[in-house]
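**Q** coords please:
(chains A, B, C and D)
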There are 2 protein chains.
Amino acid sequence: MDFVASVVSGIATLTQTLEDGRTQMVGLLLPSDFVGRPGRNRAAYNVTATTDILMCCFRRKPFEEMMERTPHIAQRLLQMTLDELDAAREWMLLLGRKTAREKIASLLSIVARRDASINMSPSARQMVFDLPLTREAMADYLGLTLETVSRQMSALKRDGVIELQGKRHVTVPDMDRLLLEAGDDSDGGFLI
Amino acid sequence: MDFVASVVSGIATLTQTLEDGRTQMVGLLLPSDFVGRPGRNRAAYNVTATTDILMCCFRRKPFEEMMERTPHIAQRLLQMTLDELDAAREWMLLLGRKTAREKIASLLSIVARRDASINMSPSARQMVFDLPLTREAMADYLGLTLETVSRQMSALKRDGVIELQGKRHVTVPDMDRLLLEAGDDSDGGFLI
DNA sequence: GATATTGCTTGATCTGGGTCAAATTCTGTT
DNA sequence: AACAGAATTTGACCCAGATCAAGCAATATC
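**A** Numbers count the residues shown, from 1 in each chain, chains lettered A, B, ... in the order given. Presented below is the predicted three-dimensional model:
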């Protein structure tokens, strides 16, 4: 791995596995995301494209030299990495403490929000999008089995939280309802 | 939160909570760790000292100005943040895919390793250290209940993987055995 | 020296999500 | 159109870990 890259279009996943094959997704790479570690010659994750993907690649050495000369790049990269760290920590809360139903609702709202920001749609109450992941990839994202994912998708559909056209095309009639199901704390509490 | 800081001595935890009180630890702050987000005026986590703690604090503004002038600082901070991100992702694998027993073994080996590196002890086969966390804090770290933590600690003790003097003082007679119990993949597989 | 308080252990029971297995769509492809 | 293979759903059953509850040990308080 002697290059770093930025995703232009398409979707890839970052996964880690235990030797017996148990797999956990640890990152979802969407357009504009950065891949690779300036300062490390090898990263510790499997990167798998789940769609056709176009990435803008830079050889590691020249990129690192440019980083030395252009302080702004390191600062920008730091901001992006801090954002990733925040996302990873929110994800940890999901993995450690949410129920299967809350996990599914959380994933759906993340994908919906991300999709809306790419398409620059206003934050409408109703949202329509395509799931870029198979049920198995969703399971690996959420620390569940694919059967549980399927059952909870059916349950959310039965309860009118989502509508499905085919297996991947999702309509959320009431985004607030979905966010409620996701169980996210909306206020802040006291923080540092 | 108008300062950033570095932990000098003592231990603190970073936690996130759901509104109904479910709590997940998302970071463990040990001596030399950095707290705070250059470029953000408020962070999104609860920080709780679990021991008396001594931190070296810097006002945010002067620190950020120094970062502007001294490119090396942003680069160093980027390296530290990338390390934190790696730790968070390993933790995600633990939360999503490991059994209770593997989770406990993983936590014990992390604390043992960290303790050894602070005391600069050689990587001996036998290790002795104090747990800096209550059973409840361990549960919040691992996404378990405190009862399950207690039961698995008893099980590891019964099986001779660890010895306990009191509730917090741990002896690991065979570190390799503990690492095996933790279920970590030691080889790499094919990676990017 | 009695009494809370906090941390921890252990037991009994329950249940959410896992496992195993069999349909049922959905893609292609020929 | 017929077939093959992958993706998904659904059902039946099971178990790891949660929940509820009691008891113990070590400090702290009076």
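**Q** Relative to chain B, how far out is the residue most central in space within chain A?
**A** Nearest to the geometric centre of chain A sits A:Leu28, at 3.9 Å (C-alpha atoms, centre = their mean). Applying C-beta to the nearest C-beta, to the nearest Å, the value for A:Leu28 to chain B is 12 Å. The C-beta positions use only the backbone N, C-alpha and C, and glycine is treated the same way.
**Q** tell me the pLDDT at that residue?
**A** On pLDDT, A:Leu28 comes in at 93.
**Q** Could you confirm it falls within a helix?
**A** No: counting by DSSP: H, G, I helix; E, B strand; the rest coil, A:Leu28 is not part of a helix but strand.
**Q** so who does the nearest residue in space to it that is not next to it in sequence touch?
**A** Spatial nearest neighbour of A:Leu28, chain neighbours left out: A:Thr13 (6.0 Å); criterion: C-beta to C-beta, 6 or more residues apart in numbering or on different chains. Shown in contact with A:Thr13 (C-beta atoms under 8 Å, 6 or more residues apart in numbering or on different chains): A:25, A:27-29, A:47-48, A:50, A:133, A:137, A:140-141.
**Q** what about A:Thr13, is that helix, strand or coil?
**A** Using three-state DSSP, the structure places A:Thr13 in strand.
**Q** What residues does chain A have near DNA strand D?
**A** A:134-136, A:146-147, A:149-151, A:153-154, A:164, A:167-168 (C-beta under 7 Å from any atom of the strand).
**Q** So which of the contacts of A:Thr13 belong to helices?
**A** Using DSSP state H, the subset of the contacts of A:Thr13 located in helices is A:137, A:140-141.
**Q** how about the longest helix seen in chain A: buried residues?
**A** Among all segments of chain A classified by DSSP H, the helix with the greatest residue count is helix A:71-97. Neighbour-count burial for helix A:71-97, with 16 or more other C-beta atoms under 10 Å in any protein chain shown as criterion, is recorded at A:71, A:73-75, A:77-79, A:81-82, A:84-86, A:88-97.
**Q** just checking, next helix/strand downstream of that helix?
**A** Remark: after helix A:71-97, the chain's next helix or strand is helix A:100-118, criterion DSSP states H and E.
**Q** Could you pull up the mean pLDDT of stretch A:140-150?
**A** Here stretch A:140-150 scores 97 as its mean pLDDT.
**Q** can you pull the buried residues of that stretch?
**A** A:140-144, A:148-150.
**Q** what subset of those residues is also close to DNA strand C?
**A** Near DNA strand C, judged by C-beta under 7 Å from any atom of the strand, the entries from the buried residues of stretch A:140-150 are A:143-144, A:148.
**Q** could I get the residues you listed as CSV with secondary structure?
**A** Listed next are those as CSV, based on three-state DSSP:
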residue, secondary structure
A:Gly143, coil
A:Leu144, coil
A:Thr148, helix
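**Q** For these, give me TSV that also has distance to chain B.
**A** Shown next, in TSV, are those (distance: C-beta to the nearest C-beta, whole Å):
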residue	distance to chain B
A:Gly143	3
A:Leu144	8
A:Thr148	13
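**Q** ok, now which ones touch the residue of chain A found nearest DNA strand C?
**A** In chain A, the residue found nearest to DNA strand C is A:Thr148; the distance is 3.1 Å by C-beta to the nearest atom of the strand. By C-beta under 8 Å, 6+ apart, A:Thr148 lies in contact with A:100, A:139.
**Q** one more time with 6 Å
**A** A:Ala100 (C-beta atoms under 6 Å, 6 or more residues apart in numbering or on different chains).
**Q** Now the phi/psi pair for whatever residue is furthest in space from the centre of chain A, please.
**A** Outermost residue of chain A with respect to the C-alpha centroid, by C-alpha atoms, centre = their mean, is A:Arg69; its distance is 31.9 Å. Dihedral pair for A:Arg69: phi -80, psi -30, per degrees, to the nearest 10.
**Q** A:Ala105: what's it in contact with?
**A** Contacts for A:Ala105 (C-beta under 6 Å, 6+ apart) come out as A:178, A:181-182.
**Q** Tell me the one among those nearest to chain B.
**A** A:Ala182 (10.0 Å; C-beta to the nearest C-beta).
**Q** Report how many residues lie close to the closest one.
**A** 20 (other C-beta atoms under 10 Å in any protein chain shown).
**Q** Can you name the residues that contact it?
**A** By C-beta under 6 Å, 6+ apart, the residues touching A:Ala182 are A:102, A:105-106, A:109.
**Q** Quick check: buried residues in stretch A:11-19?
**A** In stretch A:11-19, counting by 16+ other C-beta under 10 Å, buried: A:11-18.
**Q** Same question for stretch A:159-178.
**A** Neighbour counts using 16+ other C-beta under 10 Å place A:161-162, A:170, A:172, A:175, A:177-178 of stretch A:159-178 among the buried residues.
**Q** Just name the closest of the ones next to DNA strand C among the buried residues of stretch A:140-150 to DNA strand D, please.
**A** Nearest to DNA strand D out of these is A:Thr148 (C-beta to the nearest atom of the strand; 8.0 Å).
**Q** The closest one and A:Leu18, how far apart?
**A** Here the criterion is C-beta to C-beta, to the nearest Å. By it, A:Thr148 lies 19 Å from A:Leu18.
**Q** Point out the other helices and strands that the strand or helix carrying A:Glu65 packs with.
**A** Per DSSP H and E, A:Glu65 falls inside helix A:60-69. Contacts defined by 3 or more C-beta pairs under 6 Å, 6 or more residues apart in numbering or on different chains; DSSP states H and E place helix A:60-69 against no helix or strand at all.
**Q** what separates that helix from the chain centre, distance-wise?
**A** Here helix A:60-69 is found 28 Å from its chain centre; the criterion is C-alpha atoms, centre = their mean, to the nearest Å.
**Q** Buried residues of it, list them for me.
**A** Buried positions in helix A:60-69, judged by neighbour count with 16+ other C-beta under 10 Å: A:60, A:63, A:67.
**Q** and the angle from that helix to helix B:71-97?
**A** 130 degrees (axes from the mean of the first three to the mean of the last three C-alpha atoms, to 10 degrees).
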